[in-house]
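1. sharing a model that was predicted from the sequence below.
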Amino acid sequence: MPLLCFLLDDTWECMNRRLATIKIKGQLERQQLRPAAQLAALALLAAAFGVVVAWRAPGLSLQARDALVRTRGVLVAPDDMVIVAIDEASIARFGRFPWSRAVLANTLDKLAAAQPRAIALDVLFSEATNEKDDAALAAAIKRAGNVIVAAQLVNQNEERGERRATWLHPQSAFAQAAAGIGHVNLALDRDGVARTILLRQIDDAAQAYWTMAIETTRVGAGLTSADLRETPEAVNIGARVIPVQFDSVNLSVAATNDAPVETVRAARLAIDYGGPAGAFAVQTISVTDVLDGKFVAERLRGKYVLIGATAALGDRVVSPFTRAESADGNQNAAPLAGVEVLAHALNTILRARFYREASDGQAFWLAVLMAALTVGALTLAQGRFAGLQQLGAIAALLFGVWLTAYFAFVHWLIVLPVVPMLAACGATVPLVLLRRTLLASGQLDARLAELTNDNGAVLPSSVVILPSQLRPQPAALIARLSGAHAVAILARTPSGYRLLSDYGASLAGAESEPIALPHAPCASVGEALARPSAATEYFETGVPRGMFLRAATLKLEAAGTDLGALLVAFNAAEPPAVATLQLCRELATHYVALLSHDAGQAEGRGWLWRWLPHSLANKGQQLAQLQQRFLRRAGFVNRALHSMEDGLLVCGVDGFIAFANPRAAQIFGLSATALQGQELFDLTGLAQPASANELRDVLTRLLIERAPVEREITIGEAPPRYYCLRLAAVCEGIEQTGAVTGLVATLSDITRQRELQQMKNDVMALVTHELRTPLTAIQGMSEVLAQHEFTAAQQREMHQAINDEAKRLARMIDEYLNVARLEAGAQPLRRETVRVTTLLERTLLLLEPLARARGLRLVRRFAPNLPQLLGDADLLGRAVSNLVTNAIKYSEADGEVVIETGTTANELFIKVSDQGCGIAADELERIFEKFYRVPRIEESDAPGTGLGLPFVREVAELHGGRVTVASESGIGSVFTIRLPLNDAIEKKS
Ligand code: ADP
């Protein structure tokens with residue numbers, strides 16, 4: 001029954017396996033098709049993320065740029081620029097600012113005398129002071145001819161509450177005297193760092209001024225205002241082109257007085273700061289030194305002179321370097337003076353140190369490149385220590401980005417979009433890991449599904465299942481077994497029943513689920529048969545007319561769970577037997593249990609979720625189901641191996657046993673564990689020196705020809721048992737063509753077959769040889785009698801001879817049948833309590849005349865108080881009679897035959913000793929063979945069949961005992977029957 005269930009199980013699974021293989025194949029193909037596309041999408045996603053990060057957090061890009069500036073470090077201060085500083089020393093000398101403008105006029109004169117290229121006066125002169133001083137300064141400006149004066153745009157609160165951007169113009173006298181007016185507004189980024197300047201500022205009255213750096217450059221180049229032109233991408237100062245960026249990002253711009261200034265499409269120039277505050281220290285001269293003439297005029301010739309405050313009074317701004325200078329994290333540790341910013345800005349223009357920034361599109365594609373490189377690095381860094389390798393690869397990539405950014409910044413003045421690139425790299429790592437996890441999870445699902453559906457390896461089946469047989473038809477089988485006309489197997493669902501298999505007729509309402517049954521199914525077969533319903537209540541069509549059909553409904557349950565119902569419609573006149581119906585219920589129960597188990601696995605998922613791997617919980621569930629199934633299978637295989645009638649041994653190629661089933665252990669008389677580690681070839685006698693060639697042949701056939709080997713072996717003695725040893729090699733691979741990994745040996749007991757074969761041989765020997773001799777004699781004598789004339793006495797003698805031969809023939813047949821019957825087990829032992837002494841007395845009484853006729857004495861030496869035996873008195877008596885007859889037959893006259901009884905620890909013996917001819921040692925082995933007679937001249941007159949001793953041995957063995965012999969030629973023989981003393985005399989198996 002269980003085997004049948006498993007065959008069903010196997011068939012069903014085979015079908016499932018094929019369906020699942022198709023599904024899995026499709027799934028795997030889809031999975032293989034898309035990795036490139038998936039990785040590309042992933043890189044694009046990561047790049048987009050990088051760009052969004054750069055957009056949403058512009059500060060990051062600014063910080064990155066500052067970091068590049070700081071990494072590059074301080075540039076050598078240009079020598080075509082001199083700062084004339086209104087420093088602490090000047091303040092100390094001329095008092096707090098504003099000074100008398102005469103001082104500045106004086107300074108200007110001194111400077112102009114040195115013939116500088118241009119003089120930028122980074123000091124606001126919007127208010128009038130005393131006329132004389134103002135006139136002196138205006139005159140000095142005019143005299144110098146190349147002075148640029150400052151203007152500043154400020155927000156002013158009007159009376160109406162409106163804010164207006166208006167210029168603090170230089171006084172008109174200065175403005176007219178100057179070669180140019182430049183604005184000194186600084187554009188601060190949101191974090192307060194002045195990274196750019198707005199090249200042109202405009203007030204609400206549409207009055208525009210170029211920044212002082214531009215104006216200084218123009219004046220220095222001897223160009224007029226008309227030479228300053230604005231193009232969409234640049235500002236041209238004569239032939240000099242200054243590329244500019246127009247505000248497109250949300251950078252708020254503030255004036256230095258902290259009041260926000262609104263500007264429209266402001267053209268910006270990024271200042272290339274050559275160093276922190278004091279970077280121009282070597283090029284700085286104090287106003288006091290100028291006035292005192294303590295400077296080399298040569299140093300100023302043809303140079304740009306920038307006059308401004310370095311003392312703590314004017315505008316001070318934060319530069320990218322400021323942060324680096326502050327050890328205590330104070331960003332305003334050493335801010336730059338306005339004039340220094342002007343110097344850096346001028347230097348930027350003069351040295352054409354214009355940085356190019358990547359556009360958003362370029363930034364995106366660079367981020368894509370970075371993401372792709374990250375994907376590549378993560379893909380290539382596999383194998384041992386993959387985690388460490390990948391970390392290393394990512395670190396190398398990041399370092400590479402920074403290095404590239406650094407070189408691009410320093411050598412080509414290109415600002416790479418470091419933030420989107422790094423962010424893309426950072427986003428790629430988790431995305432790749434996520435993809436890997438999903439992929440691994442999906443693959444795990446696929447493997448699990450494969451395992452769930454393809455566990456044929458656990459229960460290998462040699463049966464080839466044809467596609468038409470894939471669908472098991474338990475209903476048909478049940479109908480065949482029970483003789484039912486219609487059968488339906490239903491599975492229990494939460495709301496009713498579901499039809500699984502039907503036969504003969506269609507179930508009422510089967511097309512709509514859940515199916516409702518008119519009556520609750522019966523729990524017991526007896527009840528179901530006693531109270532059957534009309535079949536028409538259950539079955540709609542296909543019910544044969546004119547037949548009084550009844551339907552029995554049986555509940556299907558396992559371990560207390562309601563699994564479903566079995567409906568069987570049968571002819572009321574011929575109901576199925578209870579036992580048959582029970583068998584049918586077993587079949588249906590197993591089938592339903594199997595299907596409900598599989599239905600759980602084939603649970604459908606929504607289209608969206610099908611693309612995603614199963615959850616961990618689901619995997620755990622699947623694993624648990626698999627484990628159960630494997631355990632079930634393992635249990636089944638184990639039970640199958642244990643219940644095998646044949647011995648099974650599994651061993652390595654070297655013959656060392658790794659597994660033995662209980663039957664094998666029983667055959668070798670060892671425990672299964674003791675058998676493990678033993679050598680198969682030793683145990684089976686193939687490794688004996690005499691059979692070295694045989695072992696070689698066997699192994700050649702197994703390992704080289706890969707063919708099975710069959711040998712007959714003998715195990716044990718007294719009595720030996722015969723086995724057919726079948727050896728086969730276990731090879732790797734489904735086709736069994738790979739390397740040989742072990743050997744499997746089965747041992748089938750063929751003792752019985754051998755005995756039967758022996759019996760056949762015996763009969764043949766009896767007929768062809770033993771019976772022929774007397775028959776030929778009878779035939780010869782009867783022919784002679786018929787053809788010749790004989791005297792009456794001669795005729796009598798010949799008749800007597802014929803009669804003797806016929807009797808011998810009859811005796812031989814009788815004796816042979818006696819032995820054959822015993823051997824074949826055809827004559828069962830009639831067990832009874834046997835008093836051995838009485839039995840012997842009776843036997844000897846019958847033999848007494850024979851002994852006397854031969855001139856022999858029968859001497860009895862019976863032990864007193866012999867225990868009783870449980871045995872067949874008749875057989876035992878005949879056995880003893882055989883031995884005593886032999887002793888008489890093979891003894892000379894005047895001797896004695898001693899019959900002795902006694903016991904040892906666990907045996908009772910009956911010993912028959914004579915002083916006859918004895919038996920040669922080399923004959924002793926053969927005298928128990930059937931028909932064997934010792935060829936002796938003196939025996940020729942002793943009638944015999946050679947079947948006496950085989951009979952004795954058979955009787956002794958049937959009683960669980962044995963017969964032994966000790967004999968010496970010319971001295972005599974001793975035959976002993978030894979019988980076990982325990983009550984239960986075993987029947988010979
Ligand atoms: P048989 O019918 O020839 O006696 P058995 O099977 O009884 O057949 O004996 C087989 C042979 O064993 C005999 O032929 C005989 O040679 C030898 N044998 C048996 N018993 C004795 C004995 N007591 N003394 C000498 N030889 C014996």
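-> Noted; the coordinates are in hand.

2. right, is stretch 815-835 up against the ligand?
-> No: applying CB under 6 Å from any ligand atom, one finds stretch 815-835 separated from the ligand by no less than 7.8 Å. Placement of C-beta: from N, CA and C, glycine included.

3. hang on, Val375 packs against Val432?
-> Yes: between Val375 and Val432 a contact is recorded at 5.9 Å, counting by CB atoms under 8 Å.

4. common neighbours of the two, please.
-> Leu42 (CB atoms under 8 Å, 6 or more residues apart in numbering).

5. helices along the stretch 101-250 of the chain, start to end?
-> Along the stretch 101-250 of the chain, the stretches classed as helices by DSSP state H, counting those that start in this stretch are 101-113, 131-144, 172-177, 212-220.

6. same check on the stretch 351-500 of the chain?
-> Going by DSSP H, counting those that start in this stretch, the stretch 351-500 of the chain shows helices at 360-380, 386-411, 418-453, 474-482.

7. which among those is found nearest to the ligand?
-> helix 474-482 (55.4 Å; CB to the nearest ligand atom).

8. next, the buried residues of that closest one.
-> Buried residues in helix 474-482, defined by neighbour count with 16 or more other CB atoms under 10 Å: 474-475, 477-479, 481-482.

9. what is the burial count for Met812?
-> The tally of other residues near Met812 (other CB atoms under 10 Å) stands at 20.

10. output the contacting helices and strands for the host helix or strand of it.
-> Secondary structure assignment for Met812, by DSSP states H and E: helix 792-824. Helix 792-824 sits against helix 751-765, helix 772-787, helix 948-958, with contacts defined as 3 or more CB pairs under 8 Å, 6 or more residues apart in numbering; DSSP states H and E.

11. now do the shortest one against helix 792-824, angle only.
-> Which is helix 948-958. Calculated by axes from the mean of the first three to the mean of the last three CA atoms, to 10 degrees, helix 948-958 forms an angle of 30 degrees with helix 792-824.

12. do the same with the first one
-> Between the axes of helix 751-765 and helix 792-824, defined by the same axes, to 10 degrees, the angle is 170 degrees.

13. what's the spacing between helix 751-765 and its chain's center?
-> 57 Å (CA atoms, centre = their mean, to the nearest Å).

14. ok, the second one next?
-> With CA atoms, centre = their mean as the basis, the distance from the averaged C-alpha position of helix 772-787 to the chain average is 87 Å.

15. contacts for it next, please.
-> Counting by CB under 8 Å, 6+ apart, 795, 798-799, 801-802, 805-806, 808-809, 812 sit against helix 772-787.

16. now do it and helix 792-824, the angle between them.
-> Going by the same axes, to 10 degrees, helix 772-787 makes 160 degrees with helix 792-824.

17. helix 772-787 vs the ligand: in contact?
-> No: Helix 772-787 does not reach the ligand (CB under 6 Å from any ligand atom); its nearest approach is 13.4 Å.

18. can you check the shortest one too?
-> Yes: against the ligand, helix 948-958 shows contacts by CB under 6 Å from any ligand atom at 948-949.

19. beta partners for Val84?
-> Beta-bridge partners of Val84, counted by DSSP bridges, are Ile285, Ile307.

20. ok, it to Val637 distance?
-> From Val84 across to Val637, the span is 102 Å (CB to CB, to the nearest Å).

21. neighbour count winner among those two?
-> Per other CB under 10 Å, whichever of Val84 and Val637 has more neighbours is Val84, with 29 against 13.

22. any idea how far that one lies from the ligand?
-> To the ligand, Val84 is 148 Å away according to CB to the nearest ligand atom, to the nearest Å.

23. mind listing what Arg926 touches?
-> So Arg926 contacts Tyr932 (CB under 8 Å, 6+ apart).

24. find the nearest non-adjacent residue to Tyr890, please.
-> Nearest non-adjacent residue to Tyr890, counting by CB to CB, 6 or more residues apart in numbering: Gly916, 4.2 Å away.

25. that's a strand at that neighbour, yeah?
-> No: going by DSSP: H, G, I helix; E, B strand; the rest coil, the assignment for Gly916 is coil, not a strand.

26. may I ask which helix or strand encompasses Arg726?
-> strand 721-731.

27. each with direction, which strands does that strand pair with?
-> Strand 721-731 pairs in its sheet with strand 709-715 (antiparallel), strand 740-749 (antiparallel), by DSSP bridges.

28. burial count for the nearest residue to Gly944 once chain neighbours are set aside?
-> Spatial nearest neighbour of Gly944, chain neighbours left out: Arg933 (5.7 Å); criterion: CB to CB, 6+ apart. Arg933 is flanked by 18 other residues according to other CB under 10 Å.

29. same deal with the one 10 residues further on?
-> Burial of Pro943 is recorded as 11 neighbouring residues (other CB under 10 Å).

30. again, but for Thr310
-> Neighbour number of Thr310 under other CB under 10 Å is 25.

31. ok, it touching Thr284?
-> Yes: assessed by CB under 8 Å, Thr310 is found in contact with Thr284 at 7.1 Å.

32. who touches the nearest residue to Ala112 once chain neighbours are set aside in this structure?
-> Spatially, and ignoring its direct neighbours in sequence, Ala112 is nearest to Ala144 (3.7 Å; CB to CB, 6+ apart). For Ala144, the contacting residues are 108-109, 111-112, 119, by CB under 8 Å, 6+ apart.

33. I'd like those as TSV, with distance to the ligand appended.
-> Listed next are these as TSV, based on distance: CB to the nearest ligand atom, whole Å:
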residue	distance to the ligand
Leu108	156
Asp109	160
Leu111	153
Ala112	156
Ile119	150
